[in-house]
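Undergrad: Okay, here's the prediction I keep looking at, along with the sequence it came from:
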Amino acid sequence: MAFLFYNFPPAIIFLGDTGSMFIGFILATISLMGTQKFETTAIMIAPLLALSFPIFETLVSMVRRYFRGVPIFSGDNLHTHHRLLGKGYSQPRVVLTLYAVALSLAVAAVMPSAFPADPIWLWFSGVLYATTLLTIAWVAGYLRPIAFRAAYERRRQNKTYQALKRYAELSLKYSGCPVKIDLLTALCRHELQLHYIELRRSDNGLLIAFSGHENGEESRATAEDLVVKSSDMQDILIRYEFELAPDDDRRQDISFCLASIFDQVQLEKK
């Protein structure tokens, strides 16, 4: 409770490895307590039910990334708290919402053993458990029909990006005559539907490759900057501009795709 007091926004203490390992140790120890079969089963299941939200978040993230067509262990900013913030929730409101979810799941976990042995409490516990998870899934937008359609379209789009990355990897590493970096830059501009894309050395600003409108044209609001390290550990500044203003999902996917491609480039030192 003291930790939660100082962790509430604006937080001055954050949970690190030591805190999370301590919590995991306590939960593992509690699950070993009990002598009777019923007690053992209940004590082993209760932590799983109480921790349903982080388990739910992990599974949903893996499924979401699979349907997006990206590696399931890649990072993103599409978790439940990000979605709630995107809906206009303030940080304290997001925290309180997730507190309520965790508390409801904890109550559902301990209710069967805390109340008299009556089937009605088991039913009530199950209803509370299912309702809590379905409610947060709906509020976060996981169960909306439009979310499924968007995920399907995004998966098709990311399949193209994955194919482009595989082609770049084969061309840069395994081909006897690897594709030139300017041709690869032009291919990225075409396949990713960019207005222009340019590569420069971060240390001296020297232009490496360029594809698109005439260099020096004034950039629009859809311009992005990305810095990656080449395979020989040199910083490359990638500046690109979208043809049309993208949503956050496409912006993130294209950034990930470009970083995955050009961190395989090997530059000549000049």
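TA: Perfect, I can see it now. Numbering: from 1, shown residues only.

Undergrad: Break down the stretch 51-200 of the chain into its helices, ranges please.
TA: For the stretch 51-200 of the chain, applying DSSP state H, counting those that start in this stretch gives helices covering 52-68, 80-86, 91-114, 119-139, 145-169, 181-191.

Undergrad: Pipe those helices into CSV and attach distance to Phe242 per row.
TA: Using the backbone N, CA and C atoms, a C-beta is placed for each residue, glycine as well. Output for these, formatted as CSV (distance: least, C-beta to C-beta, whole Å):
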stretch, distance to Phe242
helix 52-68, 19
helix 80-86, 20
helix 91-114, 29
helix 119-139, 30
helix 145-169, 14
helix 181-191, 11
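
Undergrad: Lowest average pLDDT across those helices?
TA: Ranked by mean pLDDT, the helices of the stretch 51-200 of the chain end with helix 145-169 at the bottom, a mean of 72.

Undergrad: Run through who's touching it.
TA: For helix 145-169, the surrounding residues in contact (C-beta atoms under 8 Å, 6 or more residues apart in numbering) are 64, 67-70, 141, 179, 184, 187-188, 191-192, 249-250, 253-254, 256-257, 260-261, 264.

Undergrad: Stretch 222-234 now?
TA: Stretch 222-234 is contacted by residues 195, 201-203, 235-246, 251, 255, 258-259, 262-267, 269 when judged by C-beta under 8 Å, 6+ apart.

Undergrad: got TSV for the helices of the stretch 51-200 of the chain, with distance to Gly16 and mean neighbour count too?
TA: Formatted as TSV, the helices of the stretch 51-200 of the chain follow (distance: least, C-beta to C-beta, whole Å; neighbours: other C-beta atoms under 10 Å):
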stretch	distance to Gly16	mean neighbour count
helix 52-68	16	16
helix 80-86	18	17
helix 91-114	18	16
helix 119-139	26	14
helix 145-169	33	15
helix 181-191	39	18
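
Undergrad: so which of these gets nearest Leu4?
TA: Smallest distance to Leu4 across those (C-beta to C-beta): 8.2 Å, for helix 91-114.

Undergrad: Could you tell me the angle between that closest one and helix 52-68?
TA: 120 degrees (axes from the mean of the first three to the mean of the last three C-alpha atoms, to 10 degrees).

Undergrad: Packing partners of helix 91-114?
TA: If contacts are counted by 3 or more C-beta pairs under 8 Å, 6 or more residues apart in numbering; DSSP states H and E, helix 91-114 sits against helix 37-50, helix 52-68, helix 80-86, helix 119-139.
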